[in-house]
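Asker: Please work out how this folds:
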Amino acid sequence: MHGFEPQTIKSLNLLRMRNTEFIVALNKVDRLYGWKTCRNAPTGKAMKLQSKDVQLEFEHRLTQIIIEFKEQGLNTELYSKNKDRGETYSIVPTSAIREFFM
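Answerer: The predicted structure follows:
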């Protein structure tokens, strides 16, 4: 998990220009130092099984990403906490390598 790439900003601008709804895939969460693989576990359960340090690191990085979206004029929230899907875009943690789903 790292910050915006230039193509991310271009994509966001295109989506906004066309009034297209979207979600944010927050990929590579399994690369957090200390992450324990939880086969076939939903996101929430997998996160609860992580150490406190891993959970805190995830929250810190998630906050950084939310700030980057705010700097682009967009409201975002972790999908499980998003109560206003009409105005706030959902962030969904994912892993392209490990078995991990919502």
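
Asker: ok, Cys38 to Glu71 distance?
Answerer: Separation of Cys38 from Glu71 (C-beta to C-beta, to the nearest Å) stands at 32 Å. Every C-beta, even on glycine, is put in place using the N, C-alpha and C of the backbone.

Asker: quick one: which of those two has more around it?
Answerer: Ranked by neighbour count (other C-beta atoms under 10 Å), Cys38 and Glu71 place Cys38 first, with 18 against 10.

Asker: Tell me the secondary structure of the more buried one, please.
Answerer: State at Cys38, reduced to three classes by DSSP: H, G, I helix; E, B strand; the rest coil: coil.

Asker: What about the residue nearest to it when sequence neighbours are not counted, how many residues nearby?
Answerer: In space, and not counting its chain neighbours, Cys38 is closest to Ala46: 4.1 Å by C-beta to C-beta, 6 or more residues apart in numbering. Ala46 has 23 neighbouring residues, counting by other C-beta under 10 Å.

Asker: State the helix or strand in which Ala46 lies.
Answerer: helix 43-48 (DSSP states H and E).
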